[in-house]
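Asks: quick one: sequence plus predicted model below, questions after.
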Amino acid sequence: MPADTPSLTITFRSDLNLLIVRWLRDVSTSELQQGYTEVLQAAIRHQASGWLVDSRRRSQSSTEMVDWLSQEYLPELSPALNNRPVYLACLVAATWQPGTAPATPLAVLAQTSAMASRKEYQVKLFSDEGAATSWLGQADK
């Protein structure tokens, strides 16, 4: 069952055991926190540890957003999902280049190796949805 708000959609694909999160526009810090809270609730409901996070319609970020994701949100994902590692494939625009354009908070974290790969979660950047889905299918084995 999809969950839709003005800023994002959340859909669970049971055939792929995959949570698909599509951000529809740039958001404020409070909208980001509320949205990701809803994503975690959906992940718990479906026991989904593979997430496709489509950030292609977003470009804005802030230190506050990045800090909240890295220090508060991401560390609670695995415990909330029965200590399973969580895999987040972050979709960015094909023309986006790291370091040359604004990035979403998840994309910022994916570029920082210390933050992108921990035993509790992994974040990886993709510009192709098929490649992201394939990685998530392999990662959740």
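Replies: Happy to help now that I have it. Residues are numbered from 1 along each chain as shown.
Asks: ok, the residue lying closest to T104 once chain neighbours are set aside to L40 distance?
Replies: Closest residue in space to T104, ignoring its immediate chain neighbours: S55 at 4.2 Å, by CB to CB, 6 or more residues apart in numbering. C-beta coordinates here come from the backbone N, C-alpha and C atoms, glycine included. Using CB to CB, to the nearest Å, we find S55 at a distance of 17 Å from L40.
Asks: right, and S61 touches P105 too?
Replies: Yes: using CB atoms under 8 Å, S61 is in contact with P105, at 4.8 Å.
Asks: spell out for me which residue occupies the centre of the chain.
Replies: Computing the C-alpha centroid of the chain and ranking residues by CA atoms, centre = their mean puts V53 first, at 4.1 Å.
Asks: what's the longest helix in the chain?
Replies: Counting by DSSP state H, the longest helix found in the chain is helix 29-46.
Asks: so S55 and L40 - more neighbours on which side?
Replies: Using other CB atoms under 10 Å, the more surrounded residue of S55 and L40 is S55, with 23 against 18.
Asks: dihedrals phi and psi, the residue nearest to T104?
Replies: phi -110, psi 20 (degrees, to the nearest 10).
Asks: give the contact list for it.
Replies: For S55, the contacting residues are W23, C90, L91, V92, T104, L106, A107, by CB atoms under 8 Å, 6 or more residues apart in numbering.
Asks: for the first one, what are its contacts?
Replies: Right, the one you point to is W23. Contact analysis of W23 by CB under 8 Å, 6+ apart lists S7, L8, G35, V53, D54, S55, R57, R58, T104.
Asks: quick one: the third one and S28 touch, right?
Replies: No: with the criterion set as CB under 8 Å, G35 and S28 do not qualify as a contacting pair; they are 10.2 Å apart.
Asks: show me where pLDDT drops low in this structure?
Replies: For the chain, the stretches flagged by pLDDT under 70 are 1-4, 94-103, 109, 111-117, 140-141.
Asks: which of G35 and S28 has more neighbours?
Replies: Higher neighbour count among G35 and S28: G35, with 19 against 12, using other CB under 10 Å.
Asks: R118 - how many residues pack around it?
Replies: Neighbours of R118 (other CB under 10 Å): 15.
Asks: that older thread, pick out whichever of S61 and P105 has more residues nearby.
Replies: Neighbours per residue (other CB under 10 Å) separate S61 from P105, with P105 holding more: 25 against 21.
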